[in-house]
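Visitor: Here is the input, now give the coordinates:
(one chain, ligands or ions: 4)
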Amino acid sequence: MSSHRVNRREFLTLLAGSIAVPAKPFDTPLIVKLAPDGPFDSPLIVRLAQDGPFDSPLILSLSKDEPLAQDRPLPPVSWTCPMHPEVVDDRSGACPICRMPLTPVRLELVWSCQLHLDVTEPQPGACRTCGRKLVKIIKALSFTCPSHARVNEINPGKCPIDRRTLVAKYSLRPHGDHNPKHGGNFIMAPNNWHVEATHPAPSQFRLYVYDEYSRPFIPKGFASRIVMGEKSIPFKPAAGGMFLDARVPQIALPAAIVVGARFEDKQPEYRFDFQFYGYSKEPK
Ligand SMILES: [Zn+2]
Ligand SMILES: [Zn+2]
Ligand SMILES: [Zn+2]
Ligand SMILES: [Zn+2]
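Guide: Ligands and ions are numbered 1, 2, ... in the order given. As a prediction, the model looks like this:
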């Protein structure tokens, strides 16, 4: 692990297009992944400085991206809250949000298919099922018995029931996948859900909504719009699609839009900035 000190504004610039810092207590640790073409193509454990001003320094701990191999050391044990999976610490202790004791987890950066999330590969490549290019996601590594699925250990070893050798198991993690799924910009919202906006063609914008596991859905009561000064253009559900559509006539590249989204009735409207330097293309 190495530490890098950057200020929040640099941090947000680094993360542009990948993730936004949630409007949460700033002492909440987060796991974030930088944009694939960013300077550090590796997961970061980020601990934001306490309640500081926007430009106050924060410390990034860079963990190295190592390939999976039999002889490779296990990923380190991290500590997470059963109720707040976005909380990840490298020490045991209490959850800063709910004070529950943190539980151990091994987080590993692996390659997976966004259409087949059960795929776990140690290297980049194509999905064996659909041929789509694999993306990096964070999964939890644990060890289970081939005949006792309820056995779930943090360390390799033997099954306590029948002494069979435990096998590795990878589970999805909330916030383990912040890759855009439709060639757009993917942002984490303050309520821990996610939005992705795309600009597939002139004057056309699409909005996708994902839950904390980055599974697509459109929450009941979801309302969103493109905010343009005093005016706003509503997003409308696309016919037969799991996304919403809005048209902005006469907008040229590079295009910058502000999206206002209310996920549920009781929540405030969150604002998201999106920039497009070209038209979005679906990944293949
Ligand atoms: Zn908690
Ligand atoms: Zn696939
Ligand atoms: Zn067993
Ligand atoms: Zn997330």
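Visitor: ok now the helix or strand Ile187 falls within, how far from the chain's centre?
Guide: Element membership of Ile187 [criterion: DSSP states H and E] is strand 185-188. On the basis of CA atoms, centre = their mean, to the nearest Å, strand 185-188 is displaced by 8 Å from the centre of the chain it belongs to.
Visitor: Can you give the strand pairings for that strand, parallel or anti for each?
Guide: strand 194-201 (antiparallel) (DSSP bridges).
Visitor: Could the C-alpha coordinates of the partner strand be exported in PDB?
Guide: The C-alpha coordinates for strand 194-201 follow below in PDB (Å, rounded to 0.1, in the frame of the first residue of the first chain):
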ATOM      1  CA  HIS A 194     -26.100   4.700  -9.600                       C
ATOM      2  CA  VAL A 195     -27.000   6.600 -12.800                       C
ATOM      3  CA  GLU A 196     -25.400   6.300 -16.200                       C
ATOM      4  CA  ALA A 197     -26.100   8.900 -18.900                       C
ATOM      5  CA  THR A 198     -25.400   8.300 -22.500                       C
ATOM      6  CA  HIS A 199     -25.500  10.600 -25.600                       C
ATOM      7  CA  PRO A 200     -26.000   8.000 -28.400                       C
ATOM      8  CA  ALA A 201     -26.800  10.400 -31.200                       C
END
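Visitor: which bits of this protein sit near ligand 3?
Guide: Contact residues (CB under 5 Å from the ion) of the chain with ligand 3: Cys145, Ser147, His148, Cys159, Ile161, Asp162, Arg164. C-beta coordinates here come from the backbone N, C-alpha and C atoms, glycine included.
Visitor: In JSON lines: the residues you listed, plus neighbour count.
Guide: As requested, the residues of the chain next to ligand 3 are exported to JSON lines (neighbours: other CB atoms under 10 Å):
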{"residue": "Cys145", "neighbour count": "21"}
{"residue": "Ser147", "neighbour count": "10"}
{"residue": "His148", "neighbour count": "14"}
{"residue": "Cys159", "neighbour count": "18"}
{"residue": "Ile161", "neighbour count": "11"}
{"residue": "Asp162", "neighbour count": "11"}
{"residue": "Arg164", "neighbour count": "13"}
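Visitor: Now render those as JSON lines, adding distance to ligand 4 and pLDDT.
Guide: Shown next, in JSON lines, are these (distance: CB to the ion, whole Å; pLDDT from 0 to 100):
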{"residue": "Cys145", "distance to ligand 4": "31", "pLDDT": "95"}
{"residue": "Ser147", "distance to ligand 4": "35", "pLDDT": "94"}
{"residue": "His148", "distance to ligand 4": "32", "pLDDT": "95"}
{"residue": "Cys159", "distance to ligand 4": "34", "pLDDT": "96"}
{"residue": "Ile161", "distance to ligand 4": "36", "pLDDT": "95"}
{"residue": "Asp162", "distance to ligand 4": "38", "pLDDT": "95"}
{"residue": "Arg164", "distance to ligand 4": "36", "pLDDT": "95"}
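Visitor: surely Pro254 meets Gln275?
Guide: Yes: with contacts counted by CB atoms under 8 Å, Pro254 reaches Gln275, the gap being 6.2 Å.
Visitor: Low-confidence stretches in the stretch 1-150 of the chain?
Guide: Along the stretch 1-150 of the chain, the model assigns pLDDT under 70 to residues 1-72.
Visitor: ranges for the helices of it?
Guide: Ranges of helices in the stretch 1-150 of the chain, per DSSP state H, counting those that start in this stretch, are 8-14.
Visitor: Now do the strands in it.
Guide: Per DSSP state E, counting those that start in this stretch, the stretch 1-150 of the chain carries strands over the ranges 2-7, 29-33, 43-47, 57-62, 77-80, 88-89, 103-112, 135-144.
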